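J.: The following block contains a protein sequence and its predicted model.
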Number of protein chains: 2
Amino acid sequence: MMNVIIKKLFEDKNLYTEKTISVNGWVRTIRGSKHFGFIELNDGTYFKGVQIVYDDSLSNFQEINKLSIASAITVIGVLILTPDSKQPFEIKSAKIVVEATSNSDYPLQKKRHTLEYLRTIAHLRPRSNTFSAVFRVRSLVAYAVHKFFQERAFIYTHTPIITGSDAEGAGEMFKVTTLDLLHLPKTEDGKINYSKDFFAKDTNLTVSGQLEGEAFALAFKNIYTFGPTFRAENSNTARHAAEFWMIEPEIAFSDLNDDMKLAEDMIKYIIKYVLEHAPEEINFFNSFIDKELLERLNNILNADFSRISYTEAIDILLKSKKEFQYPIKWGADLQTEHERYITEEVYKKPVFVTDYPKEIKAFYMRLNDDKRTVAAMDLLVPGVGEIIGGSQREERYDVLVERIKDLGLDPEDYWWYLELRKYGGVKHAGFGLGFERVIMYLTGMGNIRDVIPFPRTTGSAEF
Amino acid sequence: MMNVIIKKLFEDKNLYTEKTISVNGWVRTIRGSKHFGFIELNDGTYFKGVQIVYDDSLSNFQEINKLSIASAITVIGVLILTPDSKQPFEIKSAKIVVEATSNSDYPLQKKRHTLEYLRTIAHLRPRSNTFSAVFRVRSLVAYAVHKFFQERAFIYTHTPIITGSDAEGAGEMFKVTTLDLLHLPKTEDGKINYSKDFFAKDTNLTVSGQLEGEAFALAFKNIYTFGPTFRAENSNTARHAAEFWMIEPEIAFSDLNDDMKLAEDMIKYIIKYVLEHAPEEINFFNSFIDKELLERLNNILNADFSRISYTEAIDILLKSKKEFQYPIKWGADLQTEHERYITEEVYKKPVFVTDYPKEIKAFYMRLNDDKRTVAAMDLLVPGVGEIIGGSQREERYDVLVERIKDLGLDPEDYWWYLELRKYGGVKHAGFGLGFERVIMYLTGMGNIRDVIPFPRTTGSAEF
């Protein structure tokens, strides 16, 4: 007899119709009466559960009738089509085995809970409709990312998590150490003696795999990273986590235009994949989390993303006559309110903004001929603002050394990164996509804590 | 005109024959004479390069003739089949654009380098034949892992990297902190005041995502993790890295037999995928790294993995009359020499060893009815020894609490893990596969430092 996951029943019900099968799952609801009853059984593989019908011909009918929510059972029975009912089929049970019971104080009873409360039971919340959907979508999107890049022969590159000093100049990092904090080894001048530490140097958690990714792109042409990154920013917002996953493709023999094309193709591929593989979940989000979700996703699929320069964006904002909280000025970074105005009100679709002033961008971005701007791009999308940041990289050895010095950094710290420019260091470009931002965008979930299985944020590293 | 990666040329040469195409790549070798020359061009997408033929009809013939190794070029030309030559085709160039030159002190000249030396230039070594092959295989295997699990509707779960106290009891961990080590906040009794730290508690890098994985398996039935894990072990061996990637599936409604079946299916799937998708690389490894590689991999594909208990394994070892370095005794852990004897000399194929003494295994493994052993399994493979370790998990609340206490751990620290047993905590099982061990096994590479892009080991976190 076949043991079947519930997802398969919904995908291919005809294969199982009138057949005896077994299914496993947890009781979501149970309505028992004197001689028969109904169970909604969910196994987590699909958004919906399957209806189980049982009656007093079962030897353990009384036991079944008293099952509480979240009990685990195995049902052996026949799948029957029910074209006149709400659900397309049900299973008429011949046997039900109770695999594990559930205490009556189970926190996820039928009533609705706040997202805040559910965060305190992160070990149980994936059993709720919302989080079950969120984390299935998260898994699908991760796979879509891999599929997209592997189909294009990109090499998946695991860049290091533990790194030496803050190479990207990105600021607040977590220190990694095995030193005994109560008995720290010191140097003669009173500093920490990191030569005694595990790696014989000061180490941190990575903020980006880009620099190492560039080394690999200059060997494999096209690569991507997909791994955890860390920011020790003390910002307690709905959009910041201390630990999040990032996707960073890097493409050699490619310029900023190729980079934008790749970003657009990738975003559309991911959306298409999710709409195809998680329609139930997306419908649920569209009904209960964000009523404009489906429309927004379809808009993106059908749009040609616009491209404007930062300078043009500033002009548009200045001419808008709109009152913004933050002032508009060439040289200042765009704030979310500015980004959203451009993508939502002016273009009404995704917009790449390119060629930012060099002062507000990182040292590795390629200096444009105007010497004032760099070949950077941010992708702005309606509903969020910036979702991708990328650039063509500075491939000219001398220019790169200058930029490093300008920022008060030490070229010595970048010896290998600079060396890449000496040996076939062809033009190349890349971007970073915050994975959680994408999941928020695809689900409509408003807080990053609700798209990460066990989120790590300021003051919180539970579970 | 089509820009084509070299991989595509080899996969589908007929599509491009007699057509004008453009290819990018780096010069691997160049042989120029007075009126013509040959370049072996490699773009990293394929093990082999493509031969470029050029002659003095090119306006920049002199420039091309003087190109040094590792220069980056774009070639526009016609693909010509060369059935009588060593290589199946070549490109007769109409135009060659020099995209980036290379300094003459390029370290990767034709001569062979030691693997030790190549580790010191980890930013350049992926351009060598060996490492180009290793990291392409690494990428393919990672994808094969995802594909295997996604095809079976397993949910990819990102378990946290930063965790609270050492939940698995696995020992040496890296501390993660943002405290100023020179001005550490102390409590009244002289301890570190972690309430001032970023997460308001003492945190470490994860050694395993299993416990969190179990929470998700009890919501989604079948899940897998695939992420970095960390061990601060001071062991400077060829098989240990401080940072490595691990795959940990967890399956609910499943016992140890299901777990072994899953492991066997997964291993075979991965090997099959690599043999199909990287035949050139595997042939190279078989010729230059490990002459028994292909035979070993094919043996595994065709074998039914054996299953014996730890007690049977001890009997076999005792009866073997073989001299081992470590003594054989019921209750002692199997050493690599024992494992290899069993899998290589006795069974000559992969062997699952099950039901180990509880004293040498972790607290979460299910206690067998004999009360002396637990439902653990290790998969031993010829050439390596243990490659997978797994178990059925203790799902009985009271037994689990006892085991935690027996080991001197505090049940309070495991409140949520214990709670999973109260609410439909059905039988479940899982295993861990060290990703780098698999890559070593599939390539024959003998040192873990040579299968990780930028390895982190005792005393070393370069790049």
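T.: All right, it came through fine.

J.: so how far is stretch A:95-115 off the chain centroid?
T.: Its chain's C-alpha centre lies 29 Å from the corresponding centre of stretch A:95-115 when counted by Cα atoms, centre = their mean, to the nearest Å.

J.: what do you get for stretch A:228-240?
T.: A distance of 14 Å separates the centroid of the chain from that of stretch A:228-240, by Cα atoms, centre = their mean.

J.: my read: residue A:92 touches residue A:53, true?
T.: Yes - at 5.1 Å, residue A:92 and residue A:53 qualify as touching, with contact defined as Cβ atoms under 8 Å. All C-beta spots, glycine's among them, are computed from the backbone N, C-alpha and C.

J.: what do the two both touch?
T.: Common neighbours of residue A:92 and residue A:53 are listed as residue A:77 (criterion: Cβ atoms under 8 Å, 6 or more residues apart in numbering or on different chains).

J.: Near chain B, which residues of the stretch 301-450 of chain A are found?
T.: Within reach of chain B by Cβ under 8 Å from any Cβ of the partner chain, the stretch 301-450 of chain A has these residues: A:395, A:416-417, A:419-420, A:422-427.

J.: repeat that with 7 Å
T.: In this structure, the stretch 301-450 of chain A approaches chain B at residues A:395, A:416, A:419-420, A:422-427, judged by Cβ under 7 Å from any Cβ of the partner chain.

J.: For the residues you listed, work out which two are farthest apart.
T.: Using Cβ to Cβ, these reach their maximum pairwise distance at A:416 and A:427, which is 19.1 Å.

J.: Let's see which of the residues of the stretch 301-450 of chain A next to chain B end up in helices.
T.: Using DSSP state H to define helices, the subset of these located there is A:416, A:419.

J.: From the residues of the stretch 301-450 of chain A next to chain B, list the buried ones, please.
T.: In those, burial by neighbour count holds for A:395, A:416, A:419-420, A:423-427, counting by 16 or more other Cβ atoms under 10 Å in any protein chain shown.

J.: Which parts of chain A are helices?
T.: Counting by DSSP H, one finds helices in chain A at the ranges A:6-11, A:13-16, A:61-65, A:115-119, A:129-151, A:210-220, A:256-277, A:279-288, A:293-302, A:310-319, A:336-340, A:397-406, A:415-419, A:435-443.

J.: Deepest-packed of those, please.
T.: helix A:210-220 (a mean of 26; mean count of other Cβ atoms under 10 Å in any protein chain shown).

J.: Mind listing residues that contact that one?
T.: A:155, A:157, A:159-160, A:167-168, A:223, A:225, A:248, A:250-252, A:393, A:417, A:420, A:424-425, A:428, A:430, A:432, B:44-45, B:123, B:126-127, B:132, B:453-454, B:463 (Cβ atoms under 7 Å, 6 or more residues apart in numbering or on different chains).

J.: Which PyMOL command selects the buried ones in these?
T.: Buried residues among the contacts of helix A:210-220 (16+ other Cβ under 10 Å), as a PyMOL selection:
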select buried, (chain A and resi 155+157+159+160+167+168+223+225+248+250+251+252+393+417+420+424+425+428+430+432) or (chain B and resi 44+45+123+126+127+132+453+454+463)
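
J.: Could you list which of the contacts of helix A:210-220 belong to strands?
T.: Secondary structure assignment by DSSP state E places A:155, A:223, A:225, A:248, A:250-252, A:428, A:430, A:432 of the contacts of helix A:210-220 in strands.

J.: Throw the residues you listed into TSV and include pLDDT, thanks.
T.: Written out in TSV, the entries for the ones in strands among the contacts of helix A:210-220 read as follows (pLDDT from 0 to 100):
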residue	pLDDT
A:155	98
A:223	98
A:225	98
A:248	98
A:250	98
A:251	98
A:252	98
A:428	98
A:430	98
A:432	98
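
J.: Residue B:383: which of the residues you listed is nearest?
T.: residue A:155 (26.0 Å).

J.: got the helices of chain A as CSV, with mean pLDDT columns?
T.: As requested, these are exported to CSV (pLDDT from 0 to 100):
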stretch, mean pLDDT
helix A:6-11, 97
helix A:13-16, 96
helix A:61-65, 97
helix A:115-119, 96
helix A:129-151, 98
helix A:210-220, 98
helix A:256-277, 98
helix A:279-288, 98
helix A:293-302, 95
helix A:310-319, 97
helix A:336-340, 95
helix A:397-406, 96
helix A:415-419, 97
helix A:435-443, 96
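
J.: In a markdown table: those helices, plus distance to residue A:101.
T.: As requested, the helices of chain A are arranged in a markdown table below (distance: least, Cβ to Cβ, whole Å):
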| stretch | distance to residue A:101 |
| --- | --- |
| helix A:6-11 | 21 |
| helix A:13-16 | 28 |
| helix A:61-65 | 9 |
| helix A:115-119 | 23 |
| helix A:129-151 | 21 |
| helix A:210-220 | 50 |
| helix A:256-277 | 34 |
| helix A:279-288 | 29 |
| helix A:293-302 | 38 |
| helix A:310-319 | 60 |
| helix A:336-340 | 49 |
| helix A:397-406 | 63 |
| helix A:415-419 | 58 |
| helix A:435-443 | 33 |
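
J.: Which residue ranges make up the domains of chain A?
T.: When chain A is parsed with the TED database, its domains come out as A:2-100, A:127-171+A:207-450.

J.: Out of the ones you listed, which gets nearest to residue B:386?
T.: With Cβ to Cβ, the closest approach to residue B:386 among the domains of chain A belongs to domain A:127-171+A:207-450: 22.4 Å.

J.: List the beta-bridge partners for the closest residue to residue A:247 other than its chain neighbours.
T.: If the residues on either side of it in the chain are set aside, residue A:247 comes closest to residue A:433, at 4.5 Å by Cβ to Cβ, 6 or more residues apart in numbering or on different chains. The residues listed as beta-bridge partners of residue A:433 by DSSP bridges are residue A:247, residue A:388.

J.: so what's residue A:433 scoring on pLDDT?
T.: Looking at residue A:433, its pLDDT is 97.

J.: wait, what's in contact with it?
T.: Residue A:433 makes contacts with A:246-247, A:388, as judged by Cβ under 7 Å, 6+ apart.

J.: before we move on, what about residue A:242?
T.: Applying Cβ under 7 Å, 6+ apart, one finds that residue A:242 lies in contact with A:230-232, A:456-458, B:198.

J.: For the closest residue to residue A:101 other than its chain neighbours, the count of nearby residues, please.
T.: Distances taken as Cβ to Cβ, 6+ apart put residue A:71 closest to residue A:101, at 5.1 Å, once the chain neighbours are dropped. Counted with other Cβ atoms under 10 Å in any protein chain shown, the burial measure for residue A:71 works out to 23 neighbours.

J.: Got the phi and psi for residue A:71?
T.: When read as degrees, to the nearest 10, the backbone of residue A:71 gives phi -60, psi 150.

J.: who's in contact with it?
T.: Under the criterion of Cβ under 7 Å, 6+ apart, the neighbours of residue A:71 are A:26-27, A:98, A:100-102, B:424.

J.: Check residue A:277 too.
T.: residue A:140.

J.: switch the cut-off to 10 Å
T.: When contacts are counted by Cβ atoms under 10 Å, 6 or more residues apart in numbering or on different chains, residue A:277 touches A:136-137, A:140-141, A:143-144, B:150.

J.: Throw those into JSON lines and include distance to residue A:286, thanks.
T.: Rendered in JSON lines, the data for these read as follows (distance: Cβ to Cβ, whole Å):
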{"residue": "A:136", "distance to residue A:286": "15"}
{"residue": "A:137", "distance to residue A:286": "12"}
{"residue": "A:140", "distance to residue A:286": "16"}
{"residue": "A:141", "distance to residue A:286": "17"}
{"residue": "A:143", "distance to residue A:286": "22"}
{"residue": "A:144", "distance to residue A:286": "19"}
{"residue": "B:150", "distance to residue A:286": "24"}
